[in-house]
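>>> The following block contains a protein sequence and its predicted model.
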Amino acid sequence: MRWLAAAVLTFAVLATGTATYAGQREVEERLACQCGCGLTVHTCNHLQCSFAVPVREDIAKSLAAAGIDCAIYDAV
């Protein structure tokens, strides 16, 4: 699961060309949920989504540990 989140984060950085500071919501909005809902990780409305829920937790932990989203992107 983590490798998929890392791959999606890498794609988001490459697609935008930047890795500037962002909050959790902005990082989640850059990622497409992989559960089939067609929404972003932030807007996925499945309460127990097998993709969005763990990715949200990983983003929150990474931001809390590093303080900025650049560390999430650099870890890939």
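Now that the structure is in, tell me what you want to look at. Residues are numbered from 1 along each chain as shown.

>>> Pull the number of nearby residues for Val41.
27 (other C-beta atoms under 10 Å). For every residue, glycine as well, the C-beta is placed using N, CA and C.

>>> can you give me phi and psi for it?
Dihedral pair for Val41: phi -60, psi -40, per degrees, to the nearest 10.

>>> Using the three-state scheme, assign Ala60.
helix (DSSP: H, G, I helix; E, B strand; the rest coil).

>>> close enough to count as contact, Ser50 and Cys35?
Yes. Using C-beta atoms under 8 Å, Ser50 is in contact with Cys35, at 6.3 Å.

>>> quick one: which of those two has more around it?
Taking neighbours as other C-beta under 10 Å, Ser50 and Cys35 compare with Cys35 leading, 16 against 12.

>>> Helix, strand, or coil at that one?
coil.

>>> need the contact list for it.
Listed by C-beta atoms under 8 Å, 6 or more residues apart in numbering, the contact set of Cys35 reads 44, 46, 49-52.

>>> still on that earlier bit, now the common contact residues for Ser50 and Cys35.
Counting by C-beta under 8 Å, 6+ apart, nothing touches both Ser50 and Cys35.

>>> Break down this structure into its helices, ranges please.
2-16, 24-29, 52-66, 70-74 (DSSP state H).

>>> Which elements pack onto the second one?
So the one you mean is helix 24-29. Judged by 3 or more C-beta pairs under 8 Å, 6 or more residues apart in numbering; DSSP states H and E, helix 24-29 is in contact with helix 52-66.

>>> Go through the helix it packs on and flag the buried ones.
Of the residues in helix 52-66, those buried by neighbour count under the rule 16 or more other C-beta atoms under 10 Å are 52, 55-56, 58-59, 62-63.

>>> Out of the residues you listed, which is nearest to Gly23?
Leu63 (7.7 Å; C-beta to C-beta).

>>> hang on, isn't the closest one packed against Gln24?
Yes. Counting by C-beta under 8 Å, Gln24 is a contact partner of Leu63 at 5.7 Å.
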